[in-house]
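Asks: sequence first, predicted coordinates after that:
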Amino acid sequence: MIRAELFKAGATRSVWWLGAIAALFCVGWAVVDVALWLGDRPGDAAIESAYSMAGQGYLFAMIVGVLLVAGDYRHQTITWAFLMSPRRSRVVVAKLAACAVVGLIVGLAAAVVTSVATAVLLSTGGHPVFTAGVPLALLGSVASTALWTVFGGALGALVRNQTAAVVVAFVWFFYAEWFLVMLVPAVGRWTPTGAAKAVSGWTREAMPVAGDLLPAWAGGLVFLAYAAVAVALAGVTSTRRDVT
Amino acid sequence: MTTISINHLGKSFSRVRAVDDLSFTVPAGQVTGFLGPNGAGKTTTLRMLLGLVRPDTGTALVDGRPYADLPAPAAVVGAVLEATAFHPGHTARVHLRALCLAARLPAARVDEVLDTVDLASAADRRVGGFSLGMRQRLALASALLGDPAALVLDEPANGLDPEGVHWLRGFLRALAIDGRTVLVSSHGLAELARTADRIVVINHGRLVAEGPVAEFGDDLEDAYLELVRGTR
């Protein structure tokens, strides 16, 4: 079942386009990070920050997840999936597992291209190319990208309408979450973005007024909890709803 | 020998009673035509039979079991529901191969069913560019992947050209002679009169008539219209 979902994902061009855009977006962030900010405060943390830009394609990764699951509802191909396997929760779990694999691939690709770009920029600037924290920053970026893809997939299964799912996600991440953090700065480290940024090794503030992030492991657990709730809700609603 | 039985099936959508205490059976080895006006509840009945819509009351069983409880459903029931239900960016082969993986069927079935529905030459083209008739053939190919004992077809002749309709008639007849169970909904009464052995007519979600096609007289269309008008 997971193989079926992965096979479909591999044959869907928009998935790979978005993945490529995500990776290039990360490279862009790394370039900006090195060019604009590294000079002000050189040191290990700044170098690790540049590498951690490999996790900055997270919104694209999330949309990949939305496409992989809500796309099936949009094209009504979900009917075929449920006909082949009437135990719907298994279909949903297989889809989200496929999201995790696709997210890992996108995250790894982003980590590779971002690392190459960052290393080149750092060495031309006469900075050290590697620090002990770099592998962890990259690992966190890849993990966060995969989790965001799963999160997007669960959102897609919940909302089912592809456009609505993307709109919901953008309203939340660009407006609602920011307002929330502006009103109650203390929650900034606990929101999905705050938690995910902690995983991805983001070393600056989560959002303008959010304060310190959680440690990476705690952020990982919090984000995992968000993803798990979304997956569980998606599993329950998919089992109950009529497919018409 | 697979029998489909619909027992006191009922379903409401908000305030509309789509299917109301509906019971009938579909025997093996025959083509059963499923008739009714638009909105009579045919599609809802078929979707409940396939486990896609949850009935409020009653049961829809295949060999005495709900579809969702069948261990290998693709090998028991093949279904054609909507001709448009494909990812437009996938080729016919990708679509069928993904279904094989999901249902754990051998990949060799893909080429076999493509040959059966005469679509092999278009196997590697994107479905987005397919005509309605080609989509119907691909849907039929999908339904046949598991070599099922029963076929449930919702308006399969929609969009087929006269040659395609003729081919479909022969194909459905051959399936029935082979001992399979065939349930086909259609608005094409003249066509169904030539294809079906049995007829089930519903209106407003309720059973109107059920029996061998011969019982409906010489002109199925006249008999159908009289029955439907009588249940308005």
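Replies: Everything's here; your move.

Asks: does the closest residue to B:Asp124 other than its chain neighbours have beta-bridge partners, and which?
Replies: Leaving aside its chain neighbours, B:Asp124 sits nearest to B:Thr91 (5.1 Å; criterion: CB to CB, 6 or more residues apart in numbering or on different chains). C-betas here are computed from N, CA, C, even on glycine. Judged by DSSP bridges, the bridge partners of B:Thr91 are B:Arg126.

Asks: what's the burial count for B:Thr91?
Replies: Residues contacting B:Thr91 under the criterion other CB atoms under 10 Å in any protein chain shown number 20.

Asks: quick one: the strands in the chain?
Replies: All of this refers to chain A. Taking DSSP state E, chain A contains no strands at all.

Asks: right idea, wrong chain: chain B
Replies: Under the criterion DSSP E, chain B contains strands at B:4-13, B:16-26, B:31-35, B:57-62, B:65-66, B:77-80, B:150-154, B:181-185, B:198-203, B:206-212.

Asks: pLDDT of the last one, averaged?
Replies: If I follow you right, that is strand B:206-212. The average pLDDT within strand B:206-212 is 94.

Asks: how about the residues of chain B that lie near chain A?
Replies: Within chain B, the positions adjacent to chain A are B:44, B:47, B:50-54, B:67-70, B:73-74, B:79, B:81-82, B:84-91, B:94-95, B:97-99, B:101-103, B:142 by CB under 8 Å from any CB of the partner chain.

Asks: now list the buried members of those.
Replies: Listed as buried from the residues of chain B next to chain A are B:44, B:47, B:50-53, B:67, B:70, B:73-74, B:79, B:81, B:85-87, B:89-91, B:94-95, B:97-99, B:101-103, B:142; burial here means 16 or more other CB atoms under 10 Å in any protein chain shown.

Asks: any weak-confidence spans in chain B?
Replies: Chain B contains residues with pLDDT under 70 at B:83-84, B:232.

Asks: likewise for chain A?
Replies: Applying pLDDT under 70 to chain A flags residues A:37-42, A:201-211.

Asks: swap the cut-off to 50 and go again
Replies: Within chain A, the ranges that satisfy pLDDT under 50 run A:205-209.

Asks: mind checking the longest helix of it?
Replies: Longest helix in chain A by number of residues, with DSSP state H as the criterion: helix A:88-124.

Asks: list the helices and strands that helix packs on?
Replies: helix A:2-10, helix A:13-32, helix A:44-52, helix A:58-74, helix A:78-84, helix A:134-159, helix A:216-240 (3 or more CB pairs under 8 Å, 6 or more residues apart in numbering or on different chains; DSSP states H and E).

Asks: if you count neighbours, what's buried in it?
Replies: Result for helix A:88-124 [16+ other CB under 10 Å]: buried residues A:88, A:91-111, A:113-115, A:117-119, A:121-122.

Asks: that helix: how far from the chain's middle?
Replies: 9 Å (CA atoms, centre = their mean, to the nearest Å).

Asks: let me know the angle separating it from helix A:2-10.
Replies: Relative orientation of helix A:88-124 and helix A:2-10, computed by axes from the mean of the first three to the mean of the last three CA atoms, to 10 degrees: 50 degrees.

Asks: gap between the most centrally placed residue in chain A and B:Asp20?
Replies: Nearest residue to the geometric centre of chain A (CA atoms, centre = their mean): A:Trp148, 2.8 Å. As judged by CB to CB, to the nearest Å, A:Trp148 and B:Asp20 stand 47 Å apart.

Asks: go on, B:Asp147?
Replies: Going from B:Asp147 to B:Asp20 by CB to CB gives 35 Å.

Asks: these two - which one has more neighbours?
Replies: Ranked by neighbour count (other CB under 10 Å), B:Asp147 and B:Asp20 place B:Asp20 first, with 19 against 13.

Asks: ok, the more buried one - contacts?
Replies: By CB atoms under 8 Å, 6 or more residues apart in numbering or on different chains, the contact set of B:Asp20 is B:Gly10, B:Gly41, B:His204, B:Gly205, B:Arg206.

Asks: would TSV of those with neighbour count be doable?
Replies: Shown next, in TSV, are these (neighbours: other CB atoms under 10 Å in any protein chain shown):
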residue	neighbour count
B:Gly10	18
B:Gly41	24
B:His204	18
B:Gly205	23
B:Arg206	17
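
Asks: nearest to chain A, of those residues?
Replies: Nearest to chain A among the contacts of B:Asp20: B:Gly41, at 12.5 Å, using CB to the nearest CB.

Asks: pretty sure the closest one sits against B:Ala18.
Replies: Yes. Look at B:Gly41 against B:Ala18 with CB atoms under 8 Å: they come within range, at 4.9 Å.

Asks: anything in contact with each of these two?
Replies: Common neighbours of B:Gly41 and B:Ala18 are listed as B:Lys11, B:Gly205 (criterion: CB under 8 Å, 6+ apart).

Asks: now the contacts of B:Asp20 as JSON lines including distance to A:Ala195?
Replies: JSON lines is the format used below for the contacts of B:Asp20 (distance: CB to CB, whole Å):
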{"residue": "B:Gly10", "distance to A:Ala195": "47"}
{"residue": "B:Gly41", "distance to A:Ala195": "48"}
{"residue": "B:His204", "distance to A:Ala195": "53"}
{"residue": "B:Gly205", "distance to A:Ala195": "50"}
{"residue": "B:Arg206", "distance to A:Ala195": "55"}
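
Asks: A:Gly107 contacts A:Tyr58, correct?
Replies: No. With contacts counted by CB under 8 Å, A:Gly107 stays clear of A:Tyr58, the gap being 9.2 Å.

Asks: what sits in contact with each of these two?
Replies: Shared contacts of A:Gly107 and A:Tyr58 (CB under 8 Å, 6+ apart): A:Ser144, A:Thr145.

Asks: state which helix of chain B is the longest.
Replies: Secondary structure of chain B per DSSP H: the longest helix is helix B:162-177.

Asks: flag every buried residue along that one.
Replies: By 16+ other CB under 10 Å, the buried positions in helix B:162-177 come out as B:Gly164, B:Val165, B:Leu168, B:Arg169, B:Phe171, B:Leu172, B:Arg173, B:Leu175, B:Ala176.

Asks: identify the residue spatially nearest to A:Gly107, adjacent ones excluded.
Replies: What sits nearest to A:Gly107 in space, not counting adjacent residues and going by CB to CB, 6+ apart, is A:Thr145, at 3.2 Å.
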